[in-house]
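**Student:** this one's structure only:
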C-alpha cells in the first residue's frame with residue numbers, strides 16, 4: 001500500500017482519522033476495480049500507470065480482489081514485442097460469476113427485469129404486465145416479489161442466486177433511504193418502499209439487498225455503462241415517456257439533490273397557472289409534452305381516435321400530424337416549443353457537454369425535430385462557442401432495467417469492498 005496507510009488505529013490516532021484512512025483504502029480498491037471494469041482486461045502495470053498508484057499498491061490490491069473472487073487472471077496475448085521483453089504480462093478482468101444482480105423497471109403497464117453478471121453482461125430477461133396502472137404500496141411489494149420469482153424461474157435461477165436487486169420507478173425518490181415521496185405508480189405518498197420490499201421478500205426466505213432510485217437516474221447509469229455517456233464525465237439524459245424525466249451526471253456521478261428531488265425536469269414550470277400536471281400542480285413542462293398532455297389537448301380539440309389504447313392514440317395523433325391534420329400539428333408544435341424552452345433552461349443552468357434524449361417517444365421526431373433544437377439554441381446564452389451536443393438514443397424498457405441492475409451492481413460492489421476491508425484488518 002502507499003505510504004501512510006494503516007489498517008488499525010495507532011496510539012494517539014482518532015476514530016475519524018482511522019475511518020478516513022479506511023475510506024481511502026476502500027476507495028483505492030474501488031479505483032482499481034473500476035479501472036479493470038472499464039478496460040475489461042488490463043495488466044497490473046497498466047493499472048498503475050492509469051491510476052498513478054505504485055506498482056506495489058496495485059499488486060497488493062489485486063491480490064485482495066483475487067482472493068475474494070471479484071476479479072480473475074486471464075492468459076496473456078503473446079505478441080512479438082512481448083516475446084522480446086520476456087514473459088507476456090498476465091491480464092486482470094472482472095469475474096462475471098462473482099455476483100448476479102437483477103434490475104427492475106416499473107413502466108406504465110408492465111415491469112421488465114434484466115439479469116446481469118458481475119461483468120455487466122445480460123444473462124437473462126423477463127417481463128410481466130402490471131396488475132393495475134396504480135398500485136398500493138403493499139400490492140406493489142407483493143407484485144415485485146412475484147415478478148422476481150417468475151423471472152428467476154424462467155431463467156433457470158433462484159432468488160438465492162441474487163446478490164442484489166435494483167428497482168427503478170418514476171417519481172420523487174430518496175435513494176439513500178429507499179423512500180418514495182411520490183410516484184405515479186403508487187396510490188399513496190411517503191412510502192418506505194425498500195423496507196416494505198425487504199419485509200415482503202424476507203417473509204418467504206432470505207432477502208437480497210434492495211436498491212431503489214428514480215428510473216431516469218438509472219437510465220443515466222445505463223448510458224454511462226452501455227450507451228452514449230461512456231467516457232463522458234458531464235452529461236444530461238432527458239426521457240420522454242408517459243412523463244418527462246431527467247438524469248444528471250456531474251464529474252461521473254449521478255446528482256440527486258439533498259432530498260432526492262433533484263433533476264425533476266418534467267415538473268419545472270414553463271407557464272404560470274398553466275395546464276394541470278399529474279403531480280397536482282399547474283404549468284409543469286410535463287403537462288405540455290407527456291403522452292397524457294397531448295391526448296388531453298386532442299380530446300379538448302375534438303379529435304377522435306380509432307383505438308382505446310392511449311399509446312396507440314399518441315401514435316395515431318402523430319400520424320395525423322404528419323398527414324397534415326392542422327389540429328394535430330398544432331398540438332405537437334406547441335409541445336415542441338415548450339420542450340425547446342425546457343432544454344434551453346437546462347443548458348443555461350448546467351452547460352453540459354452532452355444532452356441525450358432517450359425513451360420510447362424518441363420514435364417520434366416532434367420533440368427533436370430540427371426546429372425544436374434550433375429553438376433551444378436560440379434561447380440559450382449566446383457566446384462564441386457551440387452549444388452542447390444533442391443526441392438521440394432510442395431504447396426500450398430493457399435498457400431502463402439494465403440501468404437498475406447497474407445500480408444494484410454498484411451497491412453490491414461497495415458492500416463487497418467494505419467486507420474486504422473488514423477481513424483485511
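**Tutor:** Good, I have the coordinates. Fair warning: this is a prediction, and the values are worked out from it, not measured in the lab.
**Student:** next one: whichever helix in the chain runs longest to chain centre, how far?
**Tutor:** In the chain, taking DSSP state H as the definition, the longest helix is helix 397-424. A distance of 13 Å separates the C-alpha centroid of helix 397-424 from that of its chain, computed with Cα atoms, centre = their mean, to the nearest Å.
**Student:** helices or strands up against it?
**Tutor:** helix 15-39, helix 55-67, strand 100-106, strand 110-117, strand 122-129, strand 164-169, strand 210-214, helix 215-226 (3 or more Cβ pairs under 8 Å, 6 or more residues apart in numbering; DSSP states H and E). For glycine as for every other residue, the C-beta is placed from the backbone atoms N, C-alpha and C.
**Student:** tell me the angle it makes with strand 110-117.
**Tutor:** Computed with axes from the mean of the first three to the mean of the last three Cα atoms, to 10 degrees, the direction of helix 397-424 lies at 40 degrees from that of strand 110-117.
**Student:** which of the residues in helix 397-424 are buried?
**Tutor:** Under the neighbour-count criterion of 16 or more other Cβ atoms under 10 Å, helix 397-424 has 397-413, 416-417, 420-421 buried.
**Student:** One more: stretch 196-206?
**Tutor:** 196, 197, 198, 200, 201.
**Student:** need the contact list for residue 345.
**Tutor:** For residue 345, the contacting residues are residue 268, by Cβ atoms under 8 Å, 6 or more residues apart in numbering.
**Student:** SS state for it?
**Tutor:** Using DSSP: H, G, I helix; E, B strand; the rest coil, the structure places residue 345 in helix.
**Student:** Return the distance of it relative to residue 257.
**Tutor:** 16 Å (Cβ to Cβ, to the nearest Å).
**Student:** shaky segments in the protein?
**Tutor:** Filtered on pLDDT under 70, the chain yields the residue ranges 1-26, 76-88, 259-262, 359-369, 424-425.
**Student:** returning to what we had before: let me have the helices and strands packed on helix 397-424 in CSV, extended by mean neighbour count.
**Tutor:** Output for the helices and strands packed on helix 397-424, formatted as CSV (neighbours: other Cβ atoms under 10 Å):
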stretch, mean neighbour count
helix 15-39, 16
helix 55-67, 17
strand 100-106, 28
strand 110-117, 23
strand 122-129, 16
strand 164-169, 27
strand 210-214, 25
helix 215-226, 26
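**Student:** Let me have these in TSV, extended by distance to residue 281.
**Tutor:** Putting the helices and strands packed on helix 397-424 into TSV (distance: least, Cβ to Cβ, whole Å) gives the following:
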stretch	distance to residue 281
helix 15-39	40
helix 55-67	49
strand 100-106	23
strand 110-117	28
strand 122-129	30
strand 164-169	20
strand 210-214	18
helix 215-226	19
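**Student:** Between the ones you listed, which one is closest to residue 391.
**Tutor:** Among these, the nearest to residue 391 by Cβ to Cβ is helix 215-226 (10.0 Å).
**Student:** following the closest one, which helix or strand comes up?
**Tutor:** strand 235-240 (DSSP states H and E).
**Student:** Return the angle between stretch directions for whichever helix or strand comes after that next one and strand 235-240.
**Tutor:** For strand 235-240, the following helix or strand on the C-terminal side (DSSP H and E) is strand 244-250. Interaxial angle, strand 244-250 versus strand 235-240 (the same axes, to 10 degrees): 170 degrees.
**Student:** chain center to strand 244-250, what's the gap?
**Tutor:** With Cα atoms, centre = their mean, you get 9 Å for strand 244-250.
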